[in-house]
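Visitor: what follows is a protein structure lacking sequence information:
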């Protein structure tokens, strides 16, 4: 990973690729890389879909090495959804394959000629950019079939569906998994729209002839990796809960805690949650011949992913995440697992963030566009409206904020324009702090206080009290920013928060990889550096303390069953970045 | 004007009216009143369509007195379009009638029960609030017919059309004119959506039995009023240009200056401008038996309004303003005066801001929704889509910013979400400074530097140079804020900027009215006070210097024929409020 590929999409005569050294970005990876490039090179007041924005793709620091569970790839840009800096990351194969080719980043710049659409092929021989207009309008799964036929399923693919082509603010970037399914998504913040605005439909990455990245100190690396993997296997969440049920193990947990935001955040418990729980899904999949235990990329020790098949055993979608099951399920009163899976598939196929799409449908149901609980209606909205780019589809494809705005509603569960995920901030106040203060807009992954508030991982902070939530969220946001730079999957957090030796092993993997001597403090410093760059960008883009707030109705309307409002004070929220 | 009417729309058992004294608002009127109430009483971070926003209506300080040309009425709130404070004002009869009943303000608070819709009747006997659901969905002209049948055409009406009921961000508030036509609009910033969110369809104001407001020093007032009226009559703009052609006298002037933003701000001159000029309209109206010289309220000495009839002599709409003829005409390549007038009528009837609607259609044409120049298509968009609240109508009814966002376009000519009017900021840089820095979003009326840049009123500042524009815009914004508080029509500015004795006479009218001794400095101090309150509100709502900017493409794309970009620096813009 010693080079950066820059492509000027608007160069006279067509896109022009330049491969250059890392320069000031040496040592950066993942979110560290994407956020630093955006921070350094993108005018904070530019239009997210204009030529001055940049679209950055970066594997993590140790991605492409034998480090366990380290296949994440980050994409970054100024977000058309939030108006601030954005990093979204995904699993799948692309991170490892790109890293093995030696690229620490791909940076798409400028704006293509109107109507132009390109395919970028990266392999050991170099970079080739060609016309992709024959692929125009293809959904991700059909596109994958074409690319597979043209190249084999040993390559990796990064692509956008119609949503990204239409530059919708909820458009995602798809990454293929081990089976060459475009099922892993950098979902949030409309990153797909920015890729679309750069005129790139698909990036094919072929590491034929390349080898795994070699650690500089193989012995140190190997020993650490072994201990790290053991740590993941022995922790109950990463060793048992996630492999057995996937992330949807959370439905029952969050619902029982009264923090499940049912019906567009209007109540904290859903009486039909058990119909869509991870336990129900896993049982169904085992019965039907699906697979609830699967890794989204090679070398994953957790295996939280899965394959979901219909009653006849045919592939329906990858096992949907908890947040998707909530957004399209409990948030909308939909209890048919197959309908939820169809929506998950459509989101992946069209290239949409499942969280903002489900939240948008929840808002649309409250607006009376379709009845609450109408599964077929929801499927039609995604497939026929968003997928076809009708005006209603344009509204919904802009996410929950766009939908509430179009229908003149106050109750949009968003921060910085981005929809809140599957945890009600009134009843999991630590994650409420994260929603409010994250540089990314409402984002559970930016500081997953659910772990400590509900799962009692990394300590125990009462989810219903305002006390201690700022410190909890702050520490998690710092740690997460660093983790998102490494390429390790966020889910290792359960093990490294609870098991000091697993945390130490993770740091040792990085040390063995680069023959350096990072300490835990250095990891914290890296996290702070990334957050500070992001926050500075957002400040220059016009964000203030007023953007670090939940919508006021979360302070006004009490959530059942605990009858709690969000009561972390503004002063407390404004202290989050005091370090 | 010694009392305030407050109505809690969400009171248990239905709306509750309380009439109280002025208290801290004593002496305030118009924009001074609306902005002070919003500043003092509305949480800056509230949702514009939620119960915490307030909707304020206030006649000007001297409105309802015999002061010439002083019939303006202001409405204010937090804007659903800009997210900041908003004041929009209108002519028509309501200001005078409300003032004569002694009300310095109406304040609508809280939120009504879902689906509730009310009529408010204010007369000498008091206030009556009743169910208005039978009026639901009525357009403004049909509503006016019903109200006229019920009450006579001697009352005044303030109302919203379907756009306001649907809480669209480009919804206006209609005010009836001397002929009880709902043709005068507080157009900008979505004030109609906030009235809609308060559940008020119509306010009927009946001043039967009331007299004109009496000056405290009648002699002083009378003498000043006489001199003031003479001043208006003798200035070429207020005495000749505006009465003869209305505001559309500007089409040829602005086009010749190369500052006419044709085709969604893509060129500065329109080769067919003469087909839609004020001269063409006036000649047509005289031929058809319309009336190009008409006052929108009693006691106007300028008479810039008019009555536009079709080829058979039937009323089509009031004479459309220059900005409307631009937005629906030159901005969209539409050159048929009758089509433009039909669009003006539809906007008034449905209750829409003509500027944001025309700008939205210009953006939609660039997005390919209808062909450029398609008059019938534009009429269909407003009548059938926006008027019927289809999804496409919801997008367009959100204004130019909403439309560009839905179709993933950079080229949205907006500041703070509000569409720029009919002057390209690259070629009239003074008004570009006003667009960027006004507390209201892009708004020509907030500091009409066009006067000095192009018309050479109040001095001569080169429109193409950055020099002197900050000072020009600053002085105009201060003067305008004060003027918007008095109730005088903004168009007196031409005369008072050029003729010191007319300015002095205006101040003397106020002094005679209240038996006080304001000086020119006091007027400036009032303007600064209003702007400071507005700016402070916006700051608390989250606005920063980044919001005081034009979209970057105005700095990047040169405008023909002068090949100029907007080059007032950020530092200069940030100095506007240094006083």
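Guide: Perfect, thanks for sending it. Worth saying up front: this structure is predicted, and the values here are computed from it rather than measured.

Visitor: centre of the chain to the lowest-mean-pLDDT helix or strand in chain A, how far?
Guide: When each helix and strand of chain A is scored by mean pLDDT, DSSP states H and E, strand A:291-294 comes last, with a mean of 89. Distance, stretch centre to chain centre, for strand A:291-294: 20 Å (Cα atoms, centre = their mean, to the nearest Å).

Visitor: and residue A:452, how close does it get to residue B:214?
Guide: Look at residue A:452 and residue B:214: by Cβ to Cβ, to the nearest Å, they are 70 Å apart. All C-beta spots, glycine's among them, are computed from the backbone N, C-alpha and C.

Visitor: more neighbours, the two?
Guide: residue A:452 (25 against 10; other Cβ atoms under 10 Å in any protein chain shown).

Visitor: which residues are in contact with that one?
Guide: Residues counted as contacts of residue A:452 (Cβ atoms under 8 Å, 6 or more residues apart in numbering or on different chains) are A:430, A:458, A:459, A:460, A:461, A:472, A:476, A:497.

Visitor: for those residues, pick the one with the most neighbours.
Guide: Result: residue A:430 is most packed of the contacts of residue A:452 (other Cβ under 10 Å), 30 neighbours.

Visitor: what separation is there between the closest residue to it other than its chain neighbours and chain B?
Guide: Nearest non-adjacent residue to residue A:430, counting by Cβ to Cβ, 6 or more residues apart in numbering or on different chains: residue A:449, 2.6 Å away. When distances are taken as Cβ to the nearest Cβ, to the nearest Å, residue A:449 and chain B turn out to be 23 Å apart.

Visitor: next, give phi and psi for residue A:449.
Guide: phi -70, psi -10 (degrees, to the nearest 10).

Visitor: quick check, the residue in the stretch 101-250 of chain A closest to chain B?
Guide: residue A:167 (2.6 Å; Cβ to the nearest Cβ).

Visitor: hang on, that residue packs against residue A:47?
Guide: No - here residue A:167 lies out of contact with residue A:47, judged by Cβ atoms under 8 Å, at a distance of 11.1 Å.

Visitor: ok, the two, which is more surrounded?
Guide: residue A:167 (27 against 21).

Visitor: which secondary structure state does the more buried one sit in?
Guide: coil (DSSP: H, G, I helix; E, B strand; the rest coil).

Visitor: and residue A:204, that's in a strand?
Guide: Yes - counting by three-state DSSP, residue A:204 is part of a strand.

Visitor: okay, and the spatially closest residue to it that is not a sequence neighbour sits in which element?
Guide: Among residues not flanking residue A:204 along the chain, residue A:121 sits closest, at 4.6 Å (Cβ to Cβ, 6+ apart). Assigned by DSSP states H and E, residue A:121 falls within strand A:118-123.

Visitor: repeat for residue A:106
Guide: strand A:103-109.

Visitor: briefly note if that strand comes near chain B.
Guide: No - using Cβ under 8 Å from any Cβ of the partner chain, we find that strand A:103-109 stays clear of chain B, coming within 14.8 Å at best.

Visitor: just give me how far that strand sits from the chain centre.
Guide: The answer for strand A:103-109 is 19 Å, by Cα atoms, centre = their mean.

Visitor: touching that strand from outside, list them.
Guide: Residues outside strand A:103-109 that contact it (Cβ under 8 Å, 6+ apart): A:1-10, A:22, A:25, A:28-29, A:33-34, A:37, A:41, A:51, A:54-59, A:98, A:120, A:122, A:195, A:198, A:200, A:203.

Visitor: 7 Å - rerun?
Guide: A:1, A:3-9, A:22, A:25, A:29, A:33, A:37, A:54-58, A:198, A:200 (Cβ atoms under 7 Å, 6 or more residues apart in numbering or on different chains).
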